[in-house]
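J.: sequence and predicted structure below; questions after.
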Amino acid sequence: MPTPQKKALVAELHEAVESSTGLYLAEFRNLSVAEIAELRGQILDCDGRLRVAKNRLLKLAFAGTDAEGLLEFLSGPTAVAFCHADPIPVVKTITQFGEKHEYVAVKAGLMDGQVFDREQVARLATLPPRDQLLAQVLAGISAPVSGLINLMNAVGSQFVFTLQAVADKRKAEEPAEELAPE
């Protein structure tokens, strides 16, 4: 029979899943309390939250949400990182922490209702920050427009230079006609 504390924890986890912009399941082994606290602090700095819970409780919390696709990844010690803003910095933090601590790895993730396996999450961790991606997209969109503007300016400039050259040529020819004897 479930205790009131476990029911409350499942309800809290369910609410966290519903309100998250993304979440990641991380596998961890042989970490000290200080190391887990360090990882929690780093994730908190990325506007995320790390929770360690039993897989059985996570299965109950994931029921009826987009996170049901993550049920197959719930085995072994599992920590869930909930993202409250941009999910990419959170996965980068977990991945970088895992490079220093061999027993930490991301198992799977969920973003925008789509489930990502270990390999896909590893690729997400290599993405640049959201602001940089937006700047790259904006530069890609504006490049053809500015190229067109430059081309139009070049055509206009070339036309003006041609007119100026014709005017200069005529001006150079006029004094020669005036100097001729009558």
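T.: Right, received. Where do you want to start?
J.: in stretch 116-136, what's buried?
T.: Phe116, Val121, Leu124, Ala125 (16 or more other Cβ atoms under 10 Å). (Each C-beta comes from the backbone N, C-alpha and C, glycine too.)
J.: farthest-separated two in those residues?
T.: Distance extremes for those: the farthest pair is Phe116 and Ala125 at 10.5 Å, using Cβ to Cβ.
J.: from Ile88, how far out is the spatially most central residue of the chain?
T.: Taking Cα atoms, centre = their mean as the criterion, Arg130 is the residue nearest the geometric centre of the chain, at 4.2 Å. Separation of Arg130 from Ile88 (Cβ to Cβ, to the nearest Å) stands at 6 Å.
J.: tell me which stretches of this protein form strands.
T.: Applying DSSP state E to the chain gives strands spanning 22-28, 48-52, 78-83, 104-111, 114-116.
J.: how about these in a markdown table, adding mean pLDDT and distance to Glu35?
T.: Formatted as a markdown table, the strands of the chain follow (pLDDT from 0 to 100; distance: least, Cβ to Cβ, whole Å):
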| stretch | mean pLDDT | distance to Glu35 |
| --- | --- | --- |
| strand 22-28 | 89 | 9 |
| strand 48-52 | 90 | 12 |
| strand 78-83 | 90 | 12 |
| strand 104-111 | 87 | 9 |
| strand 114-116 | 87 | 25 |
